[in-house]
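coords below, sequence missing:
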Ligand SMILES: [Zn+2]
């Protein structure tokens, strides 16, 4: 079964969150497969896992069960007895069942509510604000996210499924290439991190990639100018280290530390110039100088009305 089809089939377990069923005569609602009882289809309830349900029983409606069909089978399970008790307590009418959208507002379907109902929620990690910040260049965000997830295709990962002639780091040629080395321990990466700490006016970030990640989460907290410049520069370093590694692997131009640094300063400076409001202050002046941004220009930004 294809990945996309599996994903679509999984959605059926969440669909009850956006539908509401009001029972009438029970003839238009499937007993096992629709969410008429406690907003969940009975067929996916754990309590019914061991129960063998015949095909014709599986296709029965709420009305069929209400008139007594299959009741002896359903009563074998304690949860089944609870469902039957509930069904006898509500008394079906002679009206038709009503299936309506819950995700409606003023008679209109709200796509955001549907989206919230069907999207998968992963674990929220504590580095999310650093990686997915609006103050980071989007293509840098993506590489930084891969780096935090440990998903960059470094040579140690490639070795797990393919023989490659050389598994050493292409930035220093002295050590095996794995993420902690490439972004932390490598002499090339260390030089870039040192330039970054000088430009930011902070204590050294040297150490392992794991240590750098922890320190970065502290230093990037908040929405002040220096924190935003930090986020922007941090992501740019990871992106450019990875870009330089790829350029060397695929035999393109090799840049030295100064060249990589000037390229990432260019990227960050271009983004910082677009920020709508930069406060005036000595620290901001120094940061602007380090990131080649015209301080007077960004601190005197005004909104002009189009005439
Ligand atoms: Zn290296």
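Done, it's in. What you are looking at is a predicted structure, and each value in this text was computed from that prediction instead of being measured. Numbers count the residues shown, from 1 in each chain.

so where do the helices sit in the stretch 1-150 of the chain?
Remark: helices assigned in the stretch 1-150 of the chain by DSSP state H, counting those that start in this stretch are 3-11, 55-58, 62-66, 71-74, 78-90, 111-118, 128-131, 138-148.

and these: which comes nearest residue 102?
Minimum separation from residue 102 across the helices of the stretch 1-150 of the chain (Cβ to Cβ) falls at helix 111-118, 7.5 Å. The C-beta positions use only the backbone N, C-alpha and C, and glycine is treated the same way.

hey, where'd the helices end up in the stretch 151-300 of the chain?
155-159, 179-180, 187-200, 209-219, 225-249, 257-272, 282-290, 295-299.

output those helices in JSON lines; the columns should cover mean pLDDT.
Formatted as JSON lines, the helices of the stretch 151-300 of the chain follow (pLDDT from 0 to 100):
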{"stretch": "helix 155-159", "mean pLDDT": "90"}
{"stretch": "helix 179-180", "mean pLDDT": "93"}
{"stretch": "helix 187-200", "mean pLDDT": "94"}
{"stretch": "helix 209-219", "mean pLDDT": "92"}
{"stretch": "helix 225-249", "mean pLDDT": "94"}
{"stretch": "helix 257-272", "mean pLDDT": "95"}
{"stretch": "helix 282-290", "mean pLDDT": "91"}
{"stretch": "helix 295-299", "mean pLDDT": "84"}
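
now these as TSV including mean neighbour count and distance to residue 94?
Below are the helices of the stretch 151-300 of the chain laid out as TSV (neighbours: other Cβ atoms under 10 Å; distance: least, Cβ to Cβ, whole Å):
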stretch	mean neighbour count	distance to residue 94
helix 155-159	15	65
helix 179-180	18	67
helix 187-200	18	74
helix 209-219	16	62
helix 225-249	22	63
helix 257-272	18	66
helix 282-290	16	74
helix 295-299	15	72
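
which one of the helices of the stretch 1-150 of the chain is the most hemmed in?
Most buried of the helices of the stretch 1-150 of the chain, by mean neighbour count (mean count of other Cβ atoms under 10 Å): helix 62-66, with a mean of 21.

check which helices and strands it is in contact with.
With contacts defined as 3 or more Cβ pairs under 8 Å, 6 or more residues apart in numbering; DSSP states H and E, helix 62-66 has these neighbours: helix 78-90.

try it again at 10 Å.
Using 3 or more Cβ pairs under 10 Å, 6 or more residues apart in numbering; DSSP states H and E as the contact test, the elements touching helix 62-66 are helix 55-58, helix 71-74, helix 78-90.

what lies in contact with the lowest-mean-pLDDT helix or strand in the chain?
Least confident helix or strand, the chain: strand 104-105 with a mean of 72, by mean pLDDT, DSSP states H and E. For strand 104-105, contacts defined as Cβ atoms under 10 Å, 6 or more residues apart in numbering pick out 18, 20, 110, 112-114.

what number of residues lie near residue 173?
Applying other Cβ atoms under 10 Å, we find 10 residues neighbouring residue 173.

same deal with residue 28?
16.

quick one: contacts for it?
21, 34, 61-63, 96-99.

most neighbours among these, which one is it?
Most surrounded of the contacts of residue 28: other Cβ under 10 Å gives residue 62, at 25 neighbours.

how about the contacts made by it?
21, 23-32, 34, 36-37, 83, 87, 90, 92, 97 are the contacts of residue 62 under Cβ under 10 Å, 6+ apart.

same thing but at 8 Å, please
23, 26-27, 29-31, 36, 87, 92, 97 (Cβ atoms under 8 Å, 6 or more residues apart in numbering).

now the two most distant members of the residues you listed.
Maximum pairwise distance among those (Cβ to Cβ): 14.7 Å, between 30 and 92.

how does the chain divide into domains?
9-118, 128-299 (automatic domain parsing).
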